[in-house]
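Enquirer: give the three-dimensional model of this entry:
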Amino acid sequence: MIGLETPLKNLPRIGIKYAKKLEKMNVSTLSDFLFHFPFRYDDYSEMVSISEISSKENFTIHGKIISLKNIRTWKRKMYITEAQIEDDSGIIRAIWFNQPYLGESLAIGKEIRISGKISQKKSDPPARANLKNKSDAELYFSNPSWELASRIPTNTGRLVPIYPETQGITSRWIRWQIQNFFKLKLAVPDPIPQPILKKLNLPEINKALKYIHFPENKNQHILARKRFAFEEMFLMQIKSIQIKFSWKKEKSVKIKFEEEFIKKFVSQLPFRLTDAQRKSTFEILKDLEKERPMNRLLNGDVGSGKTIVAAIAALQAIYQGYQVAIMAPTEILAQQHYKKFCEIFKNYDFKIGLVTSNTKKINTSEKNKKIHDSKFVIHNSNIIIGTHSLIQKDIRFSKLALIIIDEQHRFGVAQRAYLQQKIENINDGIRGKIPHFLTMTATPIPRTLALAFFGNLDLSILDEMPKNRKKIITKIIPQTNREKTYNFIREDIAKGHQAFVILPLVEESKVLTEIKAAVQEHERLSKKIFPDLKVGLVHGKLKAEEKEKVMEDFKNNRLNILVATAVVEVGIDIPNATIMIIEDADRFGLSQLHQFRGRIGRGEHQSYCFLFTGKDSTLANKRLKALVESENGFTIAEKDLEIRGPGEFFGTRQSGIPDIAMENLANIKLIQIARTEAENLLKENPSLGSDPLLAKAMEKFNKNIHLE
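Expert: Have a look, this model is predicted:
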C-alpha cells in the first residue's frame, strides 16, 4: 500500500538507485517529493506555427518528424541528435547534444511538441523559419524540451516547472514522477484549519500542490506559493508564541532596580546616554525585576552603544549579589569585551574573568600572578566573559542570574539552549530558576524580520547615534582614482592615523579569480604601494594567538595599515583608524558594508570609507549609492532586504527558516496576518488539542526548524 510516508526506495519507478540521489536533496519519502517545489517556471504556453517563429524567444510548436539522425563527432567527442519537424506552414530543425538515447524515443512520422529558445548561426542574416520548399532552415531549436503530442502537456506547451536538481536527477524526470504521484490520488491532510483558509481566500493543500507543480496560468502558482508561504509563516508564529508562553511560565530571580545607584553610575560616565539607550536600559532593568526570566533582544546599529546598556544591566545584577556571563562569538571580541568591562568598572571591586580556548584569567593583580583553569575563573568571577568555552559540560557557575550573548545568531541552537536551562543544572547557589537572558546584535534588523525571526523575544532598539559622532564620508572610487586615494591615505597616516583595507577572500578562488586575495594584497601594498609603512594582515585562517597579536599591534598603532577579511566585521574598536578601503565592494551586501564601515569613525577625527568596485561598476554604483547617501543602519538594512532578499540579508540560509517563508519575509502584511491568526487560534486552543492535523504539523516543524 503506497502512502505519503512510503520511502522512495520502495516505489517501483524510483528504487534504491534514484532514492540515494534524492537523499542529497533531503527527499526521502513520497511526501518529501510532493513538497519538493519548483524554484521557477519556463513559460512555453504560446503555441505557434513554424512560419511564425522568430529568433531568441520561447515558443512551442506541434509537428511531425520528417527526418532524424544521430551523429558522433569524434573530434569533440560529442553525440548530436538532429531532427527536422514539419507542420502545415514550414520546416525547422531541432538539435540535441549528448543525448544519444533520443534516437530510441523519437522516430520518423511521430508527432511531437517542442518548446524552447530559438537559435540562429551568427553568420546568418535575420531570417524566419523556412517554408516547405526550403529544407536548410536557418533558425533551429537548440536542446529543446519535447514530448509526444499524444501525451498530456508536462514538459512543453505550458508553464513548465524547473526544480532544484542534483547529479542524475533532472527537472524532466521529477515532473514525470510527480505526474505519476498525482495519478495515485492520495489525499494530503491539510494542517491549516479550513475557516482560516476560507477567510484568507487560500486554496486547500491538495489543490495548492497541483497549482504549484503544474499551474495552468501564473495566477495559480502565485496563489499556491502564497498559501505555502502563509502555512510556513503560520507554523513559525505558533512556535514563536508557544516559546514565549513557556518562557513566561518559568521562574527567575527578581533583581531589584536600584534607581539611585544606577543614576549615580550613569552620571559619572564620560558621555551622555542617548534617549534610545536610556529607554532600552529602563526596559531591561524593569524586566530584571520580574519573577519570569527576561528574554530580550537588544538590536542596535554599529556604534549605537549596546555595550554600556549591557554593562548597566550587569551592574544591577552584581549589586544584588548575582553573577553575570557574557558570551562572544570570537576570541578577539571576547578579549575586547574583557578590556572594555574592566575599564567601565575600574572604580568597582568586581572580579571580571576571561575564558577562551587560549586564555583564562581574572582582572586582579593578585590573581593574575597565578594560572587558573576555566572552572576557577568561572566560579569566582562576578562577570565572566568568554567564547563557547563558557559552556563546557563540567563547568559550574556560582550564582548566575543574567546571561548576555553578543551577536547571538553566530551561536548554535544547542549552545544557546545549554545556557537557557534551569540554573541548578549549571549553577551553585540558586535552585529552581533559570537566568535572565539578553541577546545583542549589531546588525540592524528591519522590524518585519525581527517579528518573523524573533517574535518570541521582547525587542529593544537603539536607533539613535551618540551626538558627538562625525559622519563618515563614504565615496565610490573609480579605478582611475586609485593612486589619488593611496596618496590621500599616505597624507592621513602622516598625521598619526591608521587605515583598514578589507577584502572578501583569504586566497584566490578559481571561480572569482579577479578578486584580490588578502594575502596577495598585503604583499602588494607592503612592497609596492606603501613600502615605507607598516602593513599588517589578519584573516580567518590565522591562529587565535596570531590574530590577537596583530589586532593588539594595530590597536597600539604599531601598524599603520591593516589588510583584513571579514573577521573585522563586528565589534573591533580602533578609535585611531580613520580610513577604510573596501575592495570589490559590489560583492558584499549593503548591511555587511555598513558593518565594516562601523569599524572607523569611533574617535574625534574625520573618517573616510572608500568603496572600490569590480568590473560591473555601473550596476554596482547604483546599489552602493544607498550606502553613500545614508548612515542609518536600519534604512540600509531595509534597502539590502529589498535588493538581495532575506536569505542573503543574513549572509547564509542556515537560519533554519523554510525556503518559501524565507522568500516572503519582506512581506510585512503576510507576517502580520500569520501572527494575528496564530494568536487567535492559540487563545481558543492553546494545546492544539482540537486541531490534531495542525498539532502533527507542528511536531514535524519543531523537529526541523529552530527559532531563537
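
Enquirer: can you show me the helices along the stretch 201-350 of the chain?
Expert: Applying DSSP state H, counting those that start in this stretch to the stretch 201-350 of the chain gives helices spanning 205-213, 218-249, 259-267, 275-288, 306-319, 331-344.

Enquirer: out of those, deepest packed?
Expert: A comparison of the helices of the stretch 201-350 of the chain by mean neighbour count, using mean count of other CB atoms under 10 Å, puts helix 306-319 on top with a mean of 23. Quick note: C-beta positions are derived from backbone N, CA and C, even for glycine.

Enquirer: what's the angle between that one and helix 275-288?
Expert: Taking axes from the mean of the first three to the mean of the last three CA atoms, to 10 degrees, one finds helix 306-319 and helix 275-288 inclined to each other by 30 degrees.

Enquirer: which other residues reach helix 306-319?
Expert: Under the contact criterion CB atoms under 8 Å, 6 or more residues apart in numbering, helix 306-319 has outside partners 255, 257-258, 261-262, 265-266, 269, 273, 277, 280-281, 284-285, 288, 298, 300, 323-324, 326, 337, 340-341, 344-345, 348, 350, 382-383, 401-402, 404, 436, 438, 440, 442, 460, 462.

Enquirer: how far out from the middle of the chain is that helix?
Expert: For helix 306-319, the distance from its own C-alpha centre to the chain's C-alpha centre is 30 Å (CA atoms, centre = their mean, to the nearest Å).

Enquirer: number of residues surrounding residue 355?
Expert: Using other CB atoms under 10 Å, residue 355 has 30 other residues around it.

Enquirer: how near is it to residue 677?
Expert: The gap separating residue 355 from residue 677 is 45 Å, by CB to CB, to the nearest Å.

Enquirer: which strand or helix spans residue 545?
Expert: Using DSSP states H and E, residue 545 maps to helix 544-555.

Enquirer: what residues of whatever helix or strand comes next after that helix count as buried?
Expert: Proceeding N to C from helix 544-555, the next assigned helix or strand is strand 561-564, under DSSP H and E. Applying a neighbour-count criterion of 16 or more other CB atoms under 10 Å, the buried positions in strand 561-564 are 561, 562, 563, 564.

Enquirer: would you mind putting the helices of the stretch 201-350 of the chain into TSV with distance to residue 64 and mean pLDDT alongside?
Expert: Formatted as TSV, these follow (distance: least, CB to CB, whole Å; pLDDT from 0 to 100):
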stretch	distance to residue 64	mean pLDDT
helix 205-213	30	96
helix 218-249	31	90
helix 259-267	86	94
helix 275-288	73	95
helix 306-319	72	96
helix 331-344	70	88
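
Enquirer: as TSV, the ones you listed with distance to residue 537 would be great.
Expert: Formatted as TSV, the entries for the helices of the stretch 201-350 of the chain read as follows, by distance: least, CB to CB, whole Å:
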stretch	distance to residue 537
helix 205-213	50
helix 218-249	42
helix 259-267	40
helix 275-288	36
helix 306-319	27
helix 331-344	14
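
Enquirer: ok, now which ones touch residue 494?
Expert: Residue 494 neighbours (CB under 8 Å, 6+ apart): none.

Enquirer: can you start the count at 801 instead of 1 from here on
Expert: Understood, numbering begins at 801; the last thing we discussed is residue 1294.

Enquirer: residue 1471 contacts residue 1030, doesn't it?
Expert: No: the criterion here is CB atoms under 8 Å, and residue 1471 misses it with residue 1030 at 9.8 Å.

Enquirer: check contacts around the spatially closest residue to residue 1029 that is not a sequence neighbour.
Expert: In this structure, residue 1029 finds its nearest non-sequential neighbour in residue 1464, 4.1 Å apart by CB to CB, 6 or more residues apart in numbering. Applying CB under 8 Å, 6+ apart, one finds that residue 1464 lies in contact with 1029, 1033, 1470.
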